[in-house]
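**Q** Need a 3D model of the following:
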Amino acid sequence: MPVITISRQFGAGAWTLGERLSKRLGYRYVDEDMIKEVASKIGASPDQVLAFEKTGGSKLMKFLDRIVSKDFIDRLITEKYAYVDEKGYVDVVKGIVQDLYWQGNVIIIGRGGQFILENYQGTFHILLVQHFEPRILFVMEKYKLNRNEAEKAIKDRNQTRKQFLNFFSEKESHDDPITYDLVLNMNRMTLEKAEELIVKLIS
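**A** Numbering: from 1, shown residues only. Okay, the predicted model is just below:
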């Protein structure tokens, strides 16, 4: 029941790689679905979550504002209201990641999985890195942005990722190679090659 966590520098292709691995291995693939489950579990309304975020009360709330889609917000509308706080979100994220671990056969993109499951047997922690320029080109193409917009998106995501991971690890560098079982330099390989290396690692 292997569990794969994939951490990445934004624009290095982790979501695409995760989807490929999911199809190849028949594993569940988890990215934004987990955040939807977080919001559902705390029973908060969209209005309350957004109000909390926009008051600047929490860096984590600002992070969630960026990754919860408008479509999800529209579908989540409920009359229930709950108190939203930073610790509540962190605790629920940890609980969901741990639940996914016990289910097994899952690929978790981001969400601090490499730290939450750091000492769990049967987990394989992957880190994708890449130079800035190819990540700019990838983001421009994938999200239909101009160069300035892509550069800003990458820099913003890098800062957001750092802030978010600080809730799960006190390590000075979240990309310290010692944290991971495999670090893939995407400047030197295709997604196909990365997929093959990960499949061999967990076999």
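**Q** Show the low-confidence segments of the chain, by residue range.
**A** Scanning the chain for pLDDT under 70 picks out 31-89.
**Q** Helices of that one, residue ranges please.
**A** 14-25, 32-42, 46-54, 59-67, 70-76, 86-103, 113-116, 132-143, 147-165, 191-202 (DSSP state H).
**Q** next one: phi and psi at Pro2?
**A** For Pro2, the backbone dihedrals are phi -60, psi 150 (criterion: degrees, to the nearest 10).
**Q** Can you tell me how far it is from Ile109?
**A** 15 Å (C-beta to C-beta, to the nearest Å). Where you see a C-beta, it was placed from the backbone N, CA and C, and this is true even at glycine.
**Q** Name the residue in those two with the higher neighbour count.
**A** Ile109 (21 against 15; other C-beta atoms under 10 Å).
**Q** ok, Lys193 - how many residues close by?
**A** 12.
**Q** scratch that, Lys200
**A** Using other C-beta under 10 Å: Lys200 sits among 9 other residues.
**Q** unless I'm mixing things up, Tyr101 is touching Val3, no?
**A** Yes. Contact criterion C-beta atoms under 8 Å: Tyr101 and Val3 qualify, at 5.3 Å.
**Q** Overlap in contacts, those two.
**A** Leu117, Tyr120, Thr123 (C-beta atoms under 8 Å, 6 or more residues apart in numbering).
**Q** Among the residues you listed, which are located in strands?
**A** Judged by DSSP state E, the subset of the shared contacts of Tyr101 and Val3 located in strands is Thr123.
**Q** What residues sit buried inside stretch 193-200?
**A** Residues of stretch 193-200 classed as buried under the neighbour-count rule (16 or more other C-beta atoms under 10 Å) are Ala194, Glu195, Ile198.
**Q** which residue packs closest to the first one, ignoring adjacent ones?
**A** The one in question is Ala194. Distance criterion C-beta to C-beta, 6 or more residues apart in numbering; nearest residue to Ala194, sequence neighbours excluded, is Leu184 at 5.0 Å.
**Q** if I pick the one you found, what's in contact with it?
**A** Here Leu184 is in contact with Ile126, Leu127, Leu128, Val129, Ala194, Leu197 (C-beta under 8 Å, 6+ apart).
**Q** okay, now the fourth one: neighbour count?
**A** I take that to be Val129. Neighbours of Val129 (other C-beta under 10 Å): 16.
**Q** before we move on, what about the second one?
**A** For Leu127, the number of neighbouring residues by other C-beta under 10 Å comes to 23.
**Q** Hmm, it is touching His174, no?
**A** No. Assessed by C-beta under 8 Å, Leu127 is found out of contact with His174, at 9.1 Å.
**Q** Need the residues touching each of these two.
**A** Shared contacts of Leu127 and His174, counting by C-beta under 8 Å, 6+ apart, come down to Ser7.
**Q** Between Tyr101 and Val3, which has more neighbouring residues?
**A** Applying other C-beta under 10 Å to Tyr101 and Val3 shows that Val3 carries more neighbours, namely 25 against 20.
**Q** quick one: contacts for the residue nearest the centre of the chain?
**A** Among the residues of the chain, the one closest to the centroid is Gly110, at 2.4 Å (C-alpha atoms, centre = their mean). Counting by C-beta under 8 Å, 6+ apart, Gly110 touches Ile6, Ser7, Arg8, Ala14, Asp31, Arg161.
**Q** I appreciate the help and will end here.
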